[in-house]
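Asks: Everything below, folded, please.
(3 chains)
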Amino acid sequence: MPEGPTIVLMKEDLQKFVGEKVIEVSGSEVPENSEIKGEILREIKTFGKQTYLIFDKIIFKVHLMMFGSYSLYKRKDIDTLRLGLAFKDGGMYFYTCVVKVIDESFLLKIDWEADIMSDKWNPEKTEQTLKAAPKMMICDALMNQDIFSGVGNIIKNEALFRVGIHPESLNGNLPPKKLKEIIAEARNYGFDFKKWKKANVLSKHFQIYHQKNCPICGAEVTNKDSGKSKRMSFFCENDQKLY
DNA sequence: GCGAATGTTTCCCG
DNA sequence: CCGGGAAACATTCG
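Replies: Numbers count the residues shown, from 1 in each chain, chains lettered A, B, ... in the order given. Okay, here's the model as predicted:
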């Protein structure tokens, strides 16, 4: 379910509870003896695919992994409730996900400039990071959450297609112009992803991801596990150049 | 019903 | 000690 843009949408959904007091707590990941009841949700932050729920006495880190989901009401059809927080007029419920309690120092160590969806996103720094790893494949760089936080396999494939770069190209072989292009496109596609996801039309806009034929030349789309991350890449041999 | 999939961490082995 | 590989988690969809 989640890549960075989906998590940003989730945050927008949950934002209305910020400033409200917790009335009831539930879920398998609620720590013993924690006094969350009565606490006020101070802030919600996201970093890539992670979400932080910040209270005075406790901070939760939520990661939906591959199959996680959330709802604003308690779903009875799912028995893997990890964390549920009820407020006066509704609540937030996280299922099948990883929930951890962290402390403030954890938040201070986060490099917010690496988040493709953030206002703090820093393309120049990303360029330097990629240049410093010339033998890394661009597909691995994109999936690396320390470099392109929030990018998942969909964004990786679609962004690479848009700029005509083969997923197995090495960072160091990319001409400066192409390097800048893919960095810009990772974020740009992230916002298209968000817009389409919100309108429930995301998969309609896939050009290469799980597609049969290239929309440019009509050739059959190649798919193979690529890079160290061994995640499926979808690409067109004709229209995406291997650098 | 099988297999794959928008993800990450951990463990085992050479 | 390091890197690679597989396993683990667990749900939905085709």
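
Asks: can you pull the pLDDT of the residue of chain A most remote from its centre?
Replies: Centroid-distance maximum for chain A: residue A:33 at 31.8 Å, with CA atoms, centre = their mean. Note for residue A:33: predicted pLDDT of 81.

Asks: residues from chain A in reach of DNA strand C?
Replies: Counting by CB under 7 Å from any atom of the strand, chain A comes close to DNA strand C at A:65, A:66, A:67, A:69, A:78, A:79, A:80, A:95, A:96, A:228, A:230. Every C-beta, even on glycine, is put in place using the N, C-alpha and C of the backbone.

Asks: Just list whatever residues bridge to the fourth one.
Replies: Here residue A:69 sits in beta bridges with residue A:95, as judged by DSSP bridges.

Asks: how much space between the residue in chain A that DNA strand B sits nearest to and residue A:62?
Replies: Nearest residue of chain A to DNA strand B (CB to the nearest atom of the strand) works out as residue A:152 at 2.3 Å. Computed with CB to CB, to the nearest Å, the distance linking residue A:152 and residue A:62 is 16 Å.

Asks: cool, residue A:173 as well?
Replies: 38 Å.

Asks: what sits against the nearest residue to residue A:152 once chain neighbours are set aside?
Replies: Distances taken as CB to CB, 6 or more residues apart in numbering place residue A:3 nearest to residue A:152, at 3.4 Å, with adjacent residues excluded. For residue A:3, the contacting residues are A:49, A:150, A:151, A:152, A:153, A:154, A:155, A:190, A:193, by CB atoms under 8 Å, 6 or more residues apart in numbering.

Asks: give me the low-pLDDT residue ranges for chain A?
Replies: Along chain A, the model assigns pLDDT under 70 to residues A:1.

Asks: mind listing the strands for it?
Replies: A:24-26, A:43-47, A:50-54, A:59-63, A:69-71, A:81-87, A:90-95, A:98-102, A:222-226, A:231-235 (DSSP state E).

Asks: how about the ones you listed, which one is nearest residue A:120?
Replies: With CB to CB as the criterion, residue A:120 lies closest to strand A:43-47 of those, at 10.1 Å.

Asks: now the angle from the closest one to strand A:50-54?
Replies: Between strand A:43-47 and strand A:50-54, the angle comes out at 160 degrees (axes from the mean of the first three to the mean of the last three CA atoms, to 10 degrees).

Asks: Which positions in strand A:43-47 come out as buried?
Replies: Going by neighbour count (16 or more other CB atoms under 10 Å), the buried part of strand A:43-47 is A:44, A:45, A:46, A:47.

Asks: For the third one, list each beta-bridge partner.
Replies: This means residue A:46. residue A:51.

Asks: Distance of it relative to residue A:64?
Replies: As judged by CB to CB, residue A:46 and residue A:64 stand 11 Å apart.

Asks: and for these two, which residues touch both?
Replies: With CB under 8 Å, 6+ apart as the test, residue A:46 and residue A:64 both reach residue A:7.

Asks: show me where chain A has helices.
Replies: Secondary structure of chain A (DSSP state H): helices at A:4-14, A:104-108, A:123-131, A:138-143, A:153-163, A:176-198.

Asks: Can you add distance to residue A:38 and mean neighbour count and give those helices back as CSV?
Replies: Output for the helices of chain A, formatted as CSV (distance: least, CB to CB, whole Å; neighbours: other CB atoms under 10 Å):
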stretch, distance to residue A:38, mean neighbour count
helix A:4-14, 19, 20
helix A:104-108, 20, 10
helix A:123-131, 41, 16
helix A:138-143, 41, 25
helix A:153-163, 40, 24
helix A:176-198, 34, 19
